[in-house]
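Q: Any chance you could fold what I've pasted below:
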Amino acid sequence: MKKKLPKLRSDKEAEAFVAEADLTEYDLTGMTTMRFEFQPKSERVNMRLPKPLLQAVKSSAAKAGVPYQRFIRQALEEAVRPRKRA
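A: A predicted model of the protein is given here:
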């Protein structure tokens, strides 16, 4: 049986834990993928959407656990990302 992750109260504790622990010993099934945004946002886009579409976007963003504007940005990034050929 795998160990449960400890409660970490600060970034410093988390950094030390990840640096020293063998994560294969821990149950990571409850973990979710987290995307970090490093590029500064310098440009604006203004668009009008039908209300039902915006409501659907906000609902999907809430289910994904991200703000709706980030959700839209991720959808745009995916749409322009080069596809890998099989």
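Q: where does this protein dip in pLDDT?
A: With pLDDT under 70 as the threshold, the chain has low-confidence stretches at 86.
Q: hey, where'd the helices end up in this structure?
A: Ranges of helices within the chain are 11-20, 51-64, 68-80, based on DSSP state H.
Q: what's the burial count for the closest residue to residue 17 other than its chain neighbours?
A: Leaving aside its sequence neighbours, residue 17 sits nearest to residue 8 (Cβ to Cβ, 6 or more residues apart in numbering; 5.9 Å). C-beta here means a position set from N, CA and C on the backbone, and glycine is covered the same way. As a burial measure, residue 8 scores 13 neighbours (other Cβ atoms under 10 Å).
Q: can you check residue 74 too?
A: As a burial measure, residue 74 scores 15 neighbours (other Cβ under 10 Å).
Q: contacting residues around it?
A: By Cβ atoms under 8 Å, 6 or more residues apart in numbering, the residues touching residue 74 are 35, 66.
Q: Reformat the helices of the chain as TSV; add distance to residue 45.
A: Putting the helices of the chain into TSV (distance: least, Cβ to Cβ, whole Å) gives the following:
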stretch	distance to residue 45
helix 11-20	32
helix 51-64	14
helix 68-80	9
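Q: and of these, who's closest to residue 28?
A: Closest to residue 28 of these is helix 11-20 (Cβ to Cβ; 11.9 Å).
Q: Give me the contact list for stretch 2-17.
A: Residues from elsewhere that reach stretch 2-17, judged by Cβ under 8 Å, 6+ apart: 25-28.
Q: same question, stretch 41-59
A: So stretch 41-59 is contacted by 68, 71-72 (Cβ under 8 Å, 6+ apart).
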